[in-house]
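S.K.: return a 3D structure for these sequence lines:
(2 chains)
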Amino acid sequence: MAWETVIGLEVHAQLSTQSKIFSGSSIAYGAEPNTQANLVDLGMPGVLPVLNRKAVEMAIRLGLAIDATIAPRSIFARKNYFYPDLPKGYQISQFELPVVAQGHLDITLEKGESKRIGITRAHLEEDAGKSLHEDFDGQSGIDLNRAGTPLLEIVSEPDMRSAKEAVAYLKKLHALVRYLGVCDGNMQEGSFRCDANVSVRRPGEPFGTRAELKNLNSFRFIERAINYEVERQIELLESGGRVVQETRLYDPDRDETRSMRGKEDANDYRYFPDPDLLPLEISPAEIEAVRADMPELPELRKQRFMSVLGLSEYDADLLVQVRELADYFEAVAAGSGDAKLAANWVNGEVSNTLNARDLDMAQCPLSAEALVGLLTRIQDATISNKIARDVFAAMWAGEGSADAIIEQKGLKQITDTGAIEAMIDTIIANNPEQVAEYRAGKDKLFGFFVGQAMKASKGKANPAALNEMLKKKLEG
Amino acid sequence: MAITDSEVKKAAHLARLALADEQLEVYTRNLSSILALVDQLQAVDTTGVEPMAHPLDMAQRLREDVVTETNQRDRYQAMAPEVENGLYLVPKVIE
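M.R.: Numbers count the residues shown, from 1 in each chain, chains lettered A, B, ... in the order given. Alright, predicted model coming up:
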């Protein structure tokens, strides 16, 4: 009988605030060690945490996007453990009453059907600092810049049944948090981190004992780590062993998971309400204010792009992955009045050029207006699509507007039938053999003449006018 | 409710408190009497009473998301037992 895999995921999303969750220190990435760690972050006696309004708003934002309940009253708790990068000896988190509860996210499976993944809760908490274990001869170096950075921990139900489903859920959540502007999603910098709870069972039986996988910092590693862990558990069970509940670390170099020993006591966190923080109360009016400020969510936007603008699902799906890209597309579509042309260019030249240079949308040197300027010249047949790509490259390189480049480089399409006719006459006169062969029935040679004409006109001949005239002339 | 010696030892370990063997008996007795008081409290019928998270009947005040702190690393590190390259040094925590 087959085994069934059961996966639940915990995602830590770093919130895109300016300051820390409980203090006025900056959370900018990459600062010199400990230059963004003040007395509150260092856990000095006598200091008090004060909650960041923006972090709360972002939690509400995510909660609304996953159709969850926003708790009218939630409680901060102390999670107690000792580690040098946690100076207070406890992490301020939420335990019994989280700010967000009972939401869901729908993922699309390989065959195209949709599956709903439950989200148990999302709670606010502070991040710990960083420990550096190398280079200090018997000592560890501690950098507390990250201590107190606001996190939203998003905990799913054990609803996923394969590594692929887990990755589909994570990608969807990753796109969503970026869309909402609550997290930059940078996995390399640790802004979006994932732990996976993995177990196996015979279908219909109760859940098996789970292992918690850590250190999963790319979608590829997550899939590989889960697949490795599932194989390990099945082999263990089939050879008469049993799975131990433990934390395992994924090693991407060896492609395996390893037990983190000596953590038996670690789960006794002795949570209790933090007396330094009063209950967080959120009124219906505050929730509505956040709702009014929400961007249109990717799924709805995709549907609108398809039904109202007539895009294909493929194009619409690509565009909504990144909010800035979708915004850009909408501006170009509105400006040019041709959504399909806009989608072709934004998903084509714009995205390809950004990807090739490893830039994101915010770094795109071409404004939507500038691209509209180019598309307008395709629409009014001033230039062909092919020439437009050259103009695009020149615009990207900062050589000016579409009109300026077309003018300066003399790229204006030849639509004058007299000029095209004269050019074709010359080509026919210079290639009598090919003309004879064509007239004898070798239709394929038509392409040869088109090529000659494009070469003669340096690509500027209007393709439609050229084809029509060429056909007429060749038929004699 | 009585607490056992081993529970006291575990609680002390989790709180990183050094507990000499001769202190164990005193702590076990004292903690047991505190827990007996808790037992009395738990006997009260609290049906319909919302658990109290904080003795003050107020809601948390929020601060605006503004960076207000400047870099004071040199002053803080002057108090630290040992620092190097801007890092606080502690005894090595992993093998």
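S.K.: surely A:L445 is within a strand?
M.R.: No. Counting by DSSP: H, G, I helix; E, B strand; the rest coil, A:L445 is located in no strand; its state is helix.
S.K.: please give the element, helix or strand, for A:I119.
M.R.: strand A:114-126 (DSSP states H and E).
S.K.: run the contact check for that strand versus chain B.
M.R.: No. Residues of strand A:114-126 are not located near chain B by Cβ under 8 Å from any Cβ of the partner chain, the shortest gap being 11.2 Å. In this view, the C-beta of every residue, glycine as well, is placed from N, C-alpha and C.
S.K.: strands paired with that strand, and their directions?
M.R.: strand A:100-108 (antiparallel), strand A:150-156 (antiparallel) (DSSP bridges).
S.K.: quick one, which of those is nearest to A:D315?
M.R.: Nearest of the strands paired with strand A:114-126 to A:D315, taken as Cβ to Cβ: strand A:100-108 at 16.0 Å.
S.K.: burial check on A:E235, number of neighbours?
M.R.: Other residues lying near A:E235 total 10 when counted by other Cβ atoms under 10 Å in any protein chain shown.
S.K.: so which of the strands paired with strand A:114-126 gets nearest B:G48?
M.R.: Closest approach to B:G48 among the strands paired with strand A:114-126 is made by strand A:100-108 (21.6 Å; Cβ to Cβ).
S.K.: next, the buried residues of the closest one.
M.R.: A:100-101, A:103, A:105, A:107 (16 or more other Cβ atoms under 10 Å in any protein chain shown).
S.K.: A:E407 versus A:P203, what's the distance?
M.R.: Here A:P203 is placed at a distance of 69 Å from A:E407 (Cβ to Cβ, to the nearest Å).
S.K.: who has more neighbours out of those two?
M.R.: A:E407 (12 against 9).
S.K.: and that one, that's in a helix?
M.R.: Yes. Secondary structure of A:E407 (three-state DSSP): part of a helix.
S.K.: so what touches the longest helix anywhere in chain A?
M.R.: For chain A, the helix with the greatest residue count under DSSP state H is helix A:219-238. With contact meaning Cβ atoms under 8 Å, 6 or more residues apart in numbering or on different chains, helix A:219-238 is reached by A:3, A:5, A:7, A:163-164, A:166-167, A:170-171, A:187, A:194, A:196, A:198-200, A:208, A:211, A:213, A:216, A:242-243, A:248, A:250, A:252, A:255-257.
S.K.: weakest of the strands paired with strand A:114-126 by average pLDDT?
M.R.: Mean pLDDT values for those show the minimum at strand A:100-108, a mean of 94.
S.K.: report the two of the buried residues of strand A:100-108 separated the most.
M.R.: Top of the distance list for the buried residues of strand A:100-108 (Cβ to Cβ): A:A101 and A:I107, 20.2 Å.
S.K.: so does the longest helix along chain B get close to chain A?
M.R.: Longest helix of chain B, by residue count under DSSP H: helix B:21-42. No. Helix B:21-42 stays out of contact with chain A when judged by Cβ under 8 Å from any Cβ, the minimum separation being 13.5 Å.
S.K.: pull out the buried positions in that helix.
M.R.: B:27-28, B:31.
S.K.: which other helices and strands contact it?
M.R.: helix B:5-14 (3 or more Cβ pairs under 8 Å, 6 or more residues apart in numbering or on different chains; DSSP states H and E).
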